[in-house]
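Engineer: quick one, fold the following:
(chains A, B, C and D)
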2 protein chains.
Amino acid sequence: MKLSTRGEYGLRAMFDLAQHYGEGPIPIKSVAERQDISEHYLEQLIAVLRKAGLVKSVRGAQGGYILSRDPEEITVGDIIRVLEGPIAPVECLNTGEGEGCERAETCVTRDIWEKVRDSISDVLDSFTLADMVAKASKMQQNDKYYMYYI
Amino acid sequence: MKLSTRGEYGLRAMFDLAQHYGEGPIPIKSVAERQDISEHYLEQLIAVLRKAGLVKSVRGAQGGYILSRDPEEITVGDIIRVLEGPIAPVECLNTGEGEGCERAETCVTRDIWEKVRDSISDVLDSFTLADMVAKASKMQQNDKYYMYYI
DNA sequence: ATTATTACCGAGCAAACCACTAGGGATTGG
DNA sequence: CCAATCCCTAGTGGTTTGCTCGGTAATAAT
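Structural biologist: The predicted structure follows:
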């Protein structure tokens, strides 16, 4: 029941772009440095995100990447689904109705996997990049206050 | 976001044992045949379930496996956790507090992964083997009625 | 026009993981 | 005894993961 690093890194990168939203194109190199991810590897992940239409690229010097939509309009689910494929604990949920399901009792378990999938989807779709940015700046604020107390 | 077949097969096997609960030891061979799983492979999975205390074994001829507890007292979550390891979409949730989390903003994503983990856990723990057996026999009942209509 | 900076692309690759298979041994009922 | 059954370890081919390497193309700054 694990994500690969693709989803993890990709989300961190998109969060980083959201934090710098409005500042023009952000070069992948700076994202990779801030998020401590291999630049070349991140390049491959963001290529997928670009093809899926979640980010736009600007080539050449002073170029970089920009979110295609406002951070409020991109959910964590959007990102994870692009990078990790369809959310489904077992493969048979992705095949068409009845295709992979020959065993009658398989459907008893299928029911469970469907509920799992839906609950994961619900959680992932309930967070936007804007939520994350807001949370992060709030946490930083708390850190500041904390400093005063020392 | 996939389970391996370990969880899938293991659950099917445990469901099978639940269906035959009260009939004495059930040989792994028959489970493997009914569930269409490689016998030797299933052997390895059930060994893990035995070590975790979910099934008891009876050796020798006429031997086999029996659920250690009543089907109502074994949840799908119990089985999945044993076979797939701790439910956690990212590794950092399994390490102790603050260990793997040096980046401040990682915690923004951590929050999300925690909610995902909890929702998966809730769903998996809400089903018992008894639920599955009940559902299966209901489905079979429906099939019967359906036959009359033809 | 040149150069530096960026995105873009494809190949390769070691390590890990998955889903088994093979080949035995130990225990017990008949 | 012997057949059935659980128990254990090791190997294995294929896939996936998480990268690295080495380039090409586009563009802003000079």
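Engineer: return the residues of chain A in contact with DNA strand C.
Structural biologist: A:25-29, A:40, A:43-44, A:46-47, A:50, A:57-65 (Cβ under 7 Å from any atom of the strand). (Each C-beta comes from the backbone N, C-alpha and C, glycine too.)
Engineer: which of those are buried, as a PyMOL select command?
Structural biologist: Here is the PyMOL command that picks out the buried ones among these, judged by 16 or more other Cβ atoms under 10 Å in any protein chain shown:
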select buried, chain A and resi 25+26+28+46+64+65
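Engineer: in strands only, show me the residues of chain A next to DNA strand C.
Structural biologist: A:57-58, A:64-65 (DSSP state E).
Engineer: of all of chain A, which residue lies closest to chain B?
Structural biologist: Residue nearest to chain B within chain A (Cβ to the nearest Cβ): A:S119, separated by 4.3 Å.
Engineer: can you tell me the closest non-neighbouring residue to that residue?
Structural biologist: Sequence neighbours aside, B:S119 is the residue nearest to A:S119 in space, at 4.3 Å (criterion: Cβ to Cβ, 6 or more residues apart in numbering or on different chains).
Engineer: neighbours of the one you found, how many?
Structural biologist: With neighbours defined by other Cβ atoms under 10 Å in any protein chain shown, the count for B:S119 comes to 18.
Engineer: A:P86: what secondary structure?
Structural biologist: coil (DSSP: H, G, I helix; E, B strand; the rest coil).
Engineer: that one and A:T95 touch, don't they?
Structural biologist: No - checked against Cβ atoms under 8 Å, the pair A:P86 and A:T95 is beyond contact range at 10.8 Å.
Engineer: the residue of chain A closest to chain B: what secondary structure?
Structural biologist: Reduced to three states by three-state DSSP, A:S119 is helix.
Engineer: so it versus B:Q140, what's the distance?
Structural biologist: 28 Å (Cβ to Cβ, to the nearest Å).
Engineer: tell me the residues of chain A that contact DNA strand D?
Structural biologist: A:4-6, A:37-41, A:44, A:59-63.
Engineer: can you put the ones in strands among the residues of chain A next to DNA strand C in JSON lines and add distance to chain B?
Structural biologist: Formatted as JSON lines, these follow (distance: Cβ to the nearest Cβ, whole Å):
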{"residue": "A:S57", "distance to chain B": "23"}
{"residue": "A:V58", "distance to chain B": "24"}
{"residue": "A:G64", "distance to chain B": "19"}
{"residue": "A:Y65", "distance to chain B": "18"}
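Engineer: now, among the residues you listed, which is nearest to A:V90?
Structural biologist: Closest approach between those and A:V90, by Cβ to Cβ: A:Y65, at 34.1 Å.
Engineer: show me where chain A has helices.
Structural biologist: A:5-19, A:28-35, A:39-51, A:76-84, A:106-125, A:129-149 (DSSP state H).
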